[in-house]
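Asks: Give me the fold of what follows.
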Amino acid sequence: MMLSRMLGRCLFLFICIGLFTGCWDSRETDDLALVIASGFDLTKNGQLEATLQIALPTGIPSSLQSGGKGKESVLILTAKGKDGVEALSKIQQQLSRKIFLGHRGVIVFGEKYARQGIDQVLDDILRLPDSRYNSYILTAYGTTAKEILNSPYQLEQIPSIGINKIQYSGFSLSIKVDEFLSSLASDGIAPVTGGIRIKKNGTGPTSFILDKAAVYKGNKLAGFLSGMELTTFRWLRGESKKLRFSAQMEPKDEKAKGTVAIEILQSKMKIRTVIKNGDPEISVTLKARARLLENDTSLDFSNVKNLKKAEVKFEKEIQKSMERMISHVQKKFKSDIFGFGRELHIQHPYAWKRMKKEWKDIYPRVPVTVKTDIRMERIGRTQAPAHLKKTGQ
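Replies: Numbers count the residues shown, from 1 in each chain. Below you'll find the predicted structure:
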């Protein structure tokens with residue numbers, strides 16, 4: 001009797017499992033338009049223009065292919081609407097397959113659209129179930145997202161895969177959707193994105209380059225950082241590995257340019273906040289180990305005195321560059337992209353409670369000092385410059 005009851009229960013359980021399983025919500029790949037990248041711009045009449053870069057089945061590279069030319073790899077479609085939903089709906093009307101955003105790795109905002117505020121698209125990103133929070137988010141510099149997504153890239157069959165790989169490599173500022181949204185929703189830190197622009201290669205085809213940082217104040221673009229400002233900002237974000245610096249050690253002459261270049265191997269950063277007479281003050285301490293990349297001087301760095309001279313020179317140069325960049329962002333953009341407010345909240349919670357609502361007005365006036373400590377630990381195989389060895393023979 002007991003055995004029959006157990007068998008009956010097991011049979012009932014297996015029937016239930018059979019009924020509740022199955023791919024009831026499955027979608028065949030052949031029925032999907034796989035969006036690899038999307039861009040958003042503002043039109044002259046105030047409408048939102050959406051651009052989708054869709055991978056064509058014949059153009060998707062296999063595991064054995066990484067570049068080169070072949071069949072057409074992507075389809076670029078654009079539509080305008082009063083909001084993101086309407087623009088995407090108009091693009092959908094041009095497709096025989098359903099738009100699928102689950103493979104979207106890159107989102108680009110046109111500069112004009114970013115300056116007027118990006119709340120509309122952010123709401124779509126948050127609500128659409130297919131949207132990925134690990135997509136890279138970029139802001140176009142001096143151009144539109146549409147032009148960026150229409151630019152070719154010779155090393156990859158799908159151009160946006162090239163953008164994705166550059167972002168992943170760590171050689172440019174890389175911000176994903178989740179980090180951007182977290183900064184946007186947090187007190188004491190402002191959001192940033194990577195900056196991308198069109199690059200003209202002489203008479204050859206145009207392409208893109210990711211060599212800027214887009215600074216936001218709230219949901220609106222405030223401006224861009226580039227060059228040394230971008231490099232020092234990335235260090236403040238804790239992205240010091242692979243960063244490179246150069247300094248003028250000697251006057252330029254016929255034999256040498258007088259410059260030395262180093263690469264950061266490892267670094268530590270500490271932000272300390274203090275309250276003096278009710279006002280905040282901030283100090284940033286940077287310590288780093290570096291290796292010599294290039295020596296275009298008459299100095300032999302196997303000599304300890306010369307090595308120390310270079311260390312002191314780089315300490316001063318990096319300190320000045322860091323302080324200039326921080327002051328520029330404070331006074332011109334008035335955007336706390338460094339997270340100084342967040343550090344103040346952590347280290348002085350009661351003071352932050354008092355300053356929180358007025359931080360936007362307090363932040364541009366906060367004095368910030370920078371201290372640097374650079375140690376060059378590797379000088380490479382060649383100690384003395386090649387031209388010195390030749391003259392000494």
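
Asks: How much space separates Q47 from T143?
Replies: Separation of Q47 from T143 (Cβ to Cβ, to the nearest Å): 18 Å. Quick note: C-beta positions are derived from backbone N, CA and C, even for glycine.

Asks: Looking at those two, which one has more neighbours?
Replies: The residue with more neighbours, out of Q47 and T143, is T143; 18 against 15, by other Cβ atoms under 10 Å.

Asks: so what's that one up against?
Replies: G110, E111, R197, I198 (Cβ atoms under 8 Å, 6 or more residues apart in numbering).

Asks: can you pick the most crowded of those?
Replies: In terms of neighbours by other Cβ under 10 Å, the contacts of T143 top out with G110 at 25 neighbours.

Asks: correct me, but I99 touches Q93?
Replies: No - counting by Cβ atoms under 8 Å, I99 does not reach Q93; the two are 10.6 Å apart.

Asks: Comparing the two, which residue is more hemmed in?
Replies: More neighbours surround I99 than the other of I99 and Q93, with 20 against 8 (other Cβ under 10 Å).

Asks: hang on, that one is in a strand, isn't it?
Replies: Yes - under DSSP: H, G, I helix; E, B strand; the rest coil, I99 sits within a strand.

Asks: list the contacts for it?
Replies: Contact analysis of I99 by Cβ under 8 Å, 6+ apart lists L32, A33, V35, L52, L88, I91, Q92.

Asks: Now stretch 338-347: buried residues?
Replies: Neighbour-count burial for stretch 338-347 flags F338, G339, F340, G341, R342, E343, L344, H345 (criterion: 16 or more other Cβ atoms under 10 Å).

Asks: partner residues bridging T51?
Replies: According to DSSP bridges, the partner residues bridging T51 are G39, T78.

Asks: quick one, what contacts it?
Replies: By Cβ under 8 Å, 6+ apart, T51 lies in contact with S38, G39, F40, D41, I76, L77, T78, A145, K146, L149, N150.

Asks: Return the per-residue confidence for the residue nearest to K252 when sequence neighbours are not counted.
Replies: Spatial nearest neighbour of K252, excluding adjacent residues (Cβ to Cβ, 6 or more residues apart in numbering): G258 at 4.9 Å. Here the pLDDT value assigned to G258 is 89.

Asks: One more: S246?
Replies: Predicted confidence (pLDDT) for S246: 92.

Asks: again with D83
Replies: pLDDT for D83: 87.

Asks: how many other residues sit next to the residue nearest to it when sequence neighbours are not counted?
Replies: In this structure, D83 finds its nearest non-sequential neighbour in Q120, 5.6 Å apart by Cβ to Cβ, 6+ apart. Residues within reach of Q120, counting by other Cβ under 10 Å, total 17.

Asks: In a helix, Q120, correct?
Replies: Yes - according to three-state DSSP, Q120 belongs to a helix.

Asks: hang on, isn't it packed against K82?
Replies: No - at 9.3 Å, Q120 does not count as touching K82 under the criterion of Cβ under 8 Å.

Asks: Find the residues that touch each one of the two.
Replies: In contact with both Q120 and K82: L48, using Cβ under 8 Å, 6+ apart.

Asks: Excluding chain neighbours, give the residue nearest to the residue positioned nearest the centre of the chain in space.
Replies: Residue closest to the average C-alpha location in the chain (Cα atoms, centre = their mean): S174, at 2.1 Å. Excluding the flanking residues, the one nearest S174 by Cβ to Cβ, 6+ apart is Q167, at 4.3 Å.

Asks: give me the number of residues near V85?
Replies: For V85, using other Cβ under 10 Å, the count is 16.

Asks: doesn't it fall inside a helix?
Replies: Yes - using three-state DSSP, the assignment for V85 is a helix.

Asks: Contacts only, for it.
Replies: Neighbour list for V85: D124 [criterion: Cβ under 8 Å, 6+ apart].

Asks: From A114, how far off is the residue nearest to D83?
Replies: Applying Cβ to Cβ, the value for Q120 to A114 is 12 Å.

Asks: Low-confidence regions, this structure specifically.
Replies: For the chain, residues meeting the criterion pLDDT under 70 lie at 1-27, 59-71, 381-393.

Asks: where do the helices sit along this protein?
Replies: Using DSSP state H, the helices assigned to the chain run over residues 2-20, 84-92, 111-116, 119-127, 145-149, 159-169, 177-185, 227-236, 304-328, 340-347, 349-355, 359-362, 386-392.

Asks: out of the ones you listed, which comes closest to I271?
Replies: Minimum separation from I271 across the helices of the chain (Cβ to Cβ) falls at helix 340-347, 4.8 Å.

Asks: okay, the angle between the closest one and helix 304-328?
Replies: Counting by axes from the mean of the first three to the mean of the last three Cα atoms, to 10 degrees, helix 340-347 lies at 100 degrees to helix 304-328.
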